[in-house]
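S.K.: Any chance you could fold what I've pasted below:
(2 chains)
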Amino acid sequence: MKKLTALLLCGITAVSLLTGCGSDSNAGVNGEVYVYNWGEYIDPETLDMFEEETGIKVIYDEFDINENMYPKVEAGAVAYDVVCPSDYMIQKMIDNGLLQELNFDNMPNAKANIGAQYYEQAAAFDPGNKYCVPYCWGTVGILYNKTMVTEPVTSWSILWDEKYDDNILMQDSVRDAFMVALKAKGYSMNTMDKSQLEEVTNDLIAQKPLVQAYVLDQVRDKMIGGEAALGVIYSGEAIYTQRDNADLEYVIPEEGTNVWIDGWVVPKNAPNKENAEKFIDFMCRGDIALMNFEYITYSTPNTAAQALIEDEDIKNSKIAFPDLSQYENLETYRYLGEEGDELYNSLWKKVKG
Amino acid sequence: MSKKLLSAPYLFWSVMFILIPLGMVFYYGFTDKTGAFTLDNIIAITTAEHSKALWEALKLSFISTLICFLLAYPLALILSSRNVKQNSFLILIFILPMWMNFLLRTLAWQTLLEKTGVINSILKFLNLPTLNIINKPEAIVLGMVYNFLPFMVLPLYNVLVKIDKNVINAARDLGANSVQTFFKIIFPLSLPGVFSGITMVFVPALTTFVISNILGGSKILLIGNVIEQEFTQTGNWHLGSGLSIVLMVFIIINMVISALTDKDGEAQGL
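M.R.: Next up is the predicted model:
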């Protein structure tokens, strides 16, 4: 039922967004901005506020996985002004010349409010911080239901435990699935070592009968509804699910995990670059970043927003702002080149087939 | 001249949305990334993952088509033997779910079939054993049958209702019992509808990727899923097109069979 109501609500908000734009006499007088973002990754109210304050009309599209976003931007059938991919995908877009450099002089908030350590982290995939303004960051971990899992969850290997047959949800995305299997074995999640990759491919195939389903965003609803005992999930979703189901607990396994950053970038073929920078800068404003943080519950790299958080629980949340110094093997995805893409994709097809 | 003009919109439509896209599929299917001619994308069907996905798709869509046929034929018989007023109401009830979006209906089945879903909650309440088919091939077959059943019923109903009652009466007059009448008269006369229905169920079932994704938990890879992923995720349009061409062969075989048996075009009036 929950899912249906969620769908209906989505429909209603989509319609109200449209009518909202239509009735607002101000919107559109200063042109448009085409935004391509993850699903449910923004507070829709901030879009209305942006339209009202700037007179720029927002045309907003959503994707559910980096790999779906890339071919669309590459094909250029719709020329987006602002896109919000993850680290390795940003690197791939830079390498393939799909992005243009940002002018930070037009974005004072982006300069001032985003913490220096996040720019530093982003420099790993965006050398010199020319292309990307960090929007959210987080980890990947295991969300488990305390009523179904009584033992302590510390390791990725619990996802191979036969006790939890038909009770495990895996991510239906090639890099995340391989990250879990590689980290469980203590390997790097950016490995190009064929023997390591073949080994974990077999692990993933062995795991498949235990897996209830390979899912993306649905992991959230399924865990809230008590459909499964264990699920691989992004940290931001974990806080959201706990609000609806107090039995859920999030852990980062001790073997380490993926520390990711999603950031705003501007494609090379963007027709409204100035508006794009205005949009990015608006999203970096402390109060707006706070609204988004409270709405989507993904960790914000925005120090101005962090300072504005009033809710003590959230402020001290280990999920939103984890102490990462206790983990040794944290990594960020790197783009592995065309060769790496092909290798991972062909192995993933073997797992799924 | 005026007749030719009338067909212009249709011609425009079929060139723009059938011929040109088909040409593009063939272009991509027979070239590699550099644009050079290759058969690799076609031969790729022989790799273990692809042939398994094709086999799974053929198997599940065959089972679904068979179930659809077994469910639809009696229903179409009942519908065709009633008077027109009752009929239109019954058919309306039957088509009513199609007014709702296909995707929503399939998502609704997911919610119904889940472990903690509606059906299992009721079964548990009644102390009955729970139904555990979600994310299994059975759930995909259920989704296919549910979504495509009307496409089997309507062509069957169309041919059955057109059978001249005098032919049936003549058979009875000459001493045939009802079983003989059915097998010697009614069923042979309804064959065009049977084949038309089979095509209309088998083809969408064979190519679906939405049903297998939503009800199969992405655990069962059908050929439609492989092709979809080549286009949306892997970005290899050449391989996706090559596999589509292979799939087209199976669809064309099916359509040739049904065209050969439906020479009069009786079941086309859907």
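S.K.: Run a quick neighbour tally on the closest residue in space to A:Lys111 that isn't next to it in sequence.
M.R.: Excluding its sequence neighbours, the residue lying closest to A:Lys111 (CB to CB, 6 or more residues apart in numbering or on different chains) is A:Phe104, at 5.3 Å. Bear in mind the C-beta positions are built from the backbone N, C-alpha and C, glycine included. The local packing of A:Phe104 (other CB atoms under 10 Å in any protein chain shown) involves 15 other residues.
S.K.: what do you get for B:Trp99?
M.R.: B:Trp99 has 6 neighbours, counted by other CB under 10 Å.
S.K.: Just the terminal-to-terminal distance for stretch B:167-178.
M.R.: End-to-end distance for stretch B:167-178: 13 Å, by CA to CA, to the nearest Å.
S.K.: Just the element for residue 201, please.
M.R.: Because you didn't say which chain, this covers chain A. Element membership for A:Thr201 (DSSP states H and E) is helix A:194-207.
S.K.: wrong one, I was asking about chain B
M.R.: helix B:187-207.
S.K.: Show me the chain divided up by domain.
M.R.: In the absence of a named chain, chain A is used. Annotated domains of chain A cover A:2-136+A:262-315, A:138-259+A:322-352 [automatic domain parsing].
S.K.: my bad, chain B
M.R.: Per automatic domain parsing, the domain ranges recorded for chain B read B:1-30, B:42-268.
S.K.: Say whether chain A is contacted by the longest one.
M.R.: Translated: domain B:42-268. Yes - using CB under 8 Å from any CB of the partner chain, domain B:42-268 comes into contact with chain A via B:48-50, B:52-53, B:104, B:107-108, B:110-111, B:114-116, B:118, B:135, B:217-219, B:221, B:226, B:229, B:231-235.
S.K.: Show the buried residues in the residues you listed.
M.R.: For these, a burial check counting by 16 or more other CB atoms under 10 Å in any protein chain shown picks out B:49-50, B:53, B:107-108, B:110-111, B:114-115, B:135, B:217-219, B:221, B:226, B:229, B:231-235.
S.K.: What parts of chain A come near chain B?
M.R.: Within chain A, the positions near chain B by CB under 8 Å from any CB are A:1, A:3-4, A:7, A:65, A:67-68, A:70-71, A:74, A:172, A:174, A:208, A:211-215, A:222, A:225-227, A:341, A:345, A:349-350, A:352-353.
S.K.: could you pull out the helices for the stretch 1-150 of chain A?
M.R.: For the stretch 1-150 of chain A, applying DSSP state H, counting those that start in this stretch gives helices covering A:2-23, A:44-54, A:66-75, A:87-95, A:108-113, A:116-122.
S.K.: Next: the stretch 1-150 of chain B.
M.R.: Ranges of helices in the stretch 1-150 of chain B, per DSSP H, counting those that start in this stretch, are B:2-6, B:8-14, B:20-29, B:40-43, B:48-80, B:84-95, B:102-113, B:118-125, B:137-162.
S.K.: for those, which one sits closest to A:Met291?
M.R.: When the helices of the stretch 1-150 of chain B are compared by CB to CB, helix B:102-113 sits nearest A:Met291, at 29.5 Å.
S.K.: and the residue of the stretch 1-150 of chain B nearest chain A?
M.R.: Closest residue of the stretch 1-150 of chain B to chain A, CB to the nearest CB: B:Glu49 (3.5 Å).
S.K.: For that residue, which non-adjacent residue is closest in space?
M.R.: B:Glu49 sits nearest to A:Gly353 (CB to CB, 6+ apart), 3.5 Å away.
S.K.: The residue of the stretch 101-250 of chain B found nearest chain A: what secondary structure?
M.R.: Relative to chain A, the nearest point of the stretch 101-250 of chain B is B:Gly217 (2.8 Å; CB to the nearest CB). Put simply, B:Gly217 is coil when judged by DSSP: H, G, I helix; E, B strand; the rest coil.
S.K.: Tell me the bridge partners for the residue of the stretch 151-300 of chain A found nearest chain B.
M.R.: Of all residues in the stretch 151-300 of chain A, the one sitting closest to chain B is A:Ala213 (2.8 Å; CB to the nearest CB). Counting by DSSP bridges, A:Ala213 is bridged to A:Leu169.
S.K.: Highest mean neighbour count across the domains of chain B, which stretch is it?
M.R.: Of all those, domain B:42-268 has the most neighbours on average by mean count of other CB atoms under 10 Å in any protein chain shown, namely a mean of 18.
S.K.: coming back round to it: quick one, which of the helices of the stretch 1-150 of chain B is nearest to A:Val180?
M.R.: That would be, of these and by CB to CB, helix B:48-80, which comes in at 20.8 Å.
S.K.: so what's the nearest residue to A:Lys273 once chain neighbours are set aside up against?
M.R.: Computed as CB to CB, 6+ apart, the closest residue to A:Lys273 that is not its neighbour in sequence is A:Val266, at 6.0 Å. Residues near A:Val266 by CB atoms under 8 Å, 6 or more residues apart in numbering or on different chains: A:81-83, A:99-100, A:102, A:131, A:273, A:276-277, A:280.
S.K.: do A:Phe293 as well
M.R.: A:299-300, A:302, A:305, A:309.
S.K.: any idea of the pLDDT on residue 30?
M.R.: Here I'm looking at chain A. With respect to pLDDT, A:Asn30 scores 90.
S.K.: wrong one, chain B
M.R.: 96.
S.K.: wait, what's in contact with the residue most central in space within chain B?
M.R.: Geometric centre of chain B, nearest residue: B:Val201, 2.0 Å, by CA atoms, centre = their mean. When contacts are counted by CB under 8 Å, 6+ apart, B:Val201 touches B:61, B:64-65, B:68-69, B:144, B:148-149, B:151-152.
S.K.: Could you work out the most separated pair of those residues?
M.R.: Distance extremes for the contacts of B:Val201: the farthest pair is B:Ser61 and B:Leu149 at 13.6 Å, using CB to CB.
S.K.: do you know how far the nearest residue to the residue of the stretch 101-250 of chain B closest to chain A once chain neighbours are set aside is from A:Gln171?
M.R.: Nearest residue to B:Gly217 in three dimensions, chain neighbours excluded: A:Ala213, at 2.8 Å (CB to CB, 6+ apart). For A:Ala213, the distance to A:Gln171 equals 11 Å [CB to CB, to the nearest Å].
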